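**Q** attaching a predicted model along with its sequence, questions to come.
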Amino acid sequence: MRNPSYRHRPTGLLILLNVTLLWGCGSSDSGSSGEGEGSAGMVDIDPCSLVTSAEAADALEVATTEADRPAEANNEVRSPSYSGGEDTVVRLGTCRYSGSRGQALAVLTVMARQSSIPSEARTGFDGLRTAYAGTVTDVPGLGDQAFWIDGSGLHVLRGSVQLSISGDVDVAAARELAETALERLE
């Protein structure tokens, strides 16, 4: 299931920064998300519980994986609405798994972006599709809509949640992980 050409693609951190910028919608205030229910009645989504360490290890074809929650990619922001309505609260949660593959390191990143307004989530999702238009392949039957971006991974929209699975996996492995993650969101 691993993608041998991944090492020639942008690094996971570069992908994370691109996706965060596209999804961030120009925040004006920032804060950190706490436990339980928070802004606008949103419930915290833990991306490390959407894809387990064992599932990540299986997808990466490594013996074990180590989970990491990069501080720069786990936050809550309040930003102006795209449509001019009430401000949008956006929570971004990221879990990065890594495991040794010989002398190389295999990496899998799971990101969950939740918006307080579903239409704003759709706008961010469509913006990502537009930004990478030349490398997008639709992935039917997954969430409300899903697509694969060469060099960036699988991106799924369901309601107000955008799920991204990227790293050293191919579209089939990412889809399997996304199906499991979507079941856990219910």
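**A** Cool, got the structure.
**Q** residue 147: neighbouring residues, count only.
**A** Neighbour count for residue 147, taken as other CB atoms under 10 Å: 22. From N, CA and C alone the C-beta is placed, and that goes for glycine too.
**Q** is it true that it lies in a strand?
**A** Yes: under DSSP: H, G, I helix; E, B strand; the rest coil, residue 147 falls within a strand.
**Q** who does it bridge with?
**A** Listed beta-bridge partners, residue 147: residue 138, residue 155 (assigned using DSSP bridges).
**Q** and it, how close does it get to residue 163?
**A** Counting by CB to CB, to the nearest Å, the gap from residue 147 to residue 163 is 12 Å.
**Q** please report how far residue 176 lies from residue 133.
**A** Taking CB to CB, one finds residue 176 at 26 Å from residue 133.
**Q** and the longest strand anywhere in the chain, what does it pack against?
**A** In terms of residue count, the longest strand belonging to the chain (DSSP state E) is strand 88-101. With contacts taken as 3 or more CB pairs under 8 Å, 6 or more residues apart in numbering; DSSP states H and E, strand 88-101 sits against helix 12-24, helix 47-50, helix 53-60, strand 66-68, strand 75-79, strand 104-115.
**Q** partner strands of it and their direction?
**A** Assessed with DSSP bridges, strand 88-101 is paired to strand 66-68 (antiparallel), strand 75-79 (antiparallel), strand 104-115 (antiparallel).
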